[in-house]
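Student: need a 3D model of the sequence below.
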Amino acid sequence: MIVAFSVTPLGVGEEVGEYVADAVRVVRESGLANRTDAMFTTVEGESWDEVMDVVKRAVAAVEARAPRVSFILKADIRPGVTDGMTSKIETVERHLAAGDRPQA
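Tutor: Below is the predicted model of the structure:
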């Protein structure tokens, strides 16, 4: 299971990086495969419960310091697939390198 999520503290001003870092720290300390970019943090694990526990704790870390929290989540639930974060990117890169174009 892969989950991409974004958590944004509200009511703390425009500089939110330190609050977001609290959430990312929880994810990184979880031991699950993860990746953070400018918009989302992606987490991969074996089960819904395992991944959602990490997401819940990450949101709670921001909630502990902010009066309000906005949260977005997208999930890819595909039993039996492991290392999907890497394999999905590798597939796209392979098609780009081959110059694949859509058929008209």
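Student: where's the residue nearest the centre of the chain, which helix or strand?
Tutor: Centroid check for the chain by Cα atoms, centre = their mean gives Thr42 as the closest residue, at 2.1 Å. Assigned by DSSP states H and E, Thr42 falls within strand 41-44.
Student: strand partners (parallel or antiparallel) of that strand?
Tutor: strand 2-10 (antiparallel), strand 33-36 (antiparallel) (DSSP bridges).
Student: measure Ala64 to Asp49 for me?
Tutor: Using Cβ to Cβ, to the nearest Å, Ala64 is found at 22 Å from Asp49. All C-beta spots, glycine's among them, are computed from the backbone N, C-alpha and C.
Student: next: Phe40.
Tutor: 21 Å.
Student: try Glu15
Tutor: According to Cβ to Cβ, Glu15 and Asp49 sit 34 Å apart.
Student: please say which of Phe40 and Asp49 ends up with more neighbours.
Tutor: Higher neighbour count among Phe40 and Asp49: Phe40, with 16 against 9, using other Cβ atoms under 10 Å.
Student: what's the closest non-adjacent residue to that one?
Tutor: In space, and not counting its chain neighbours, Phe40 is closest to Ala4: 4.3 Å by Cβ to Cβ, 6 or more residues apart in numbering.
Student: many thanks, have a good one.
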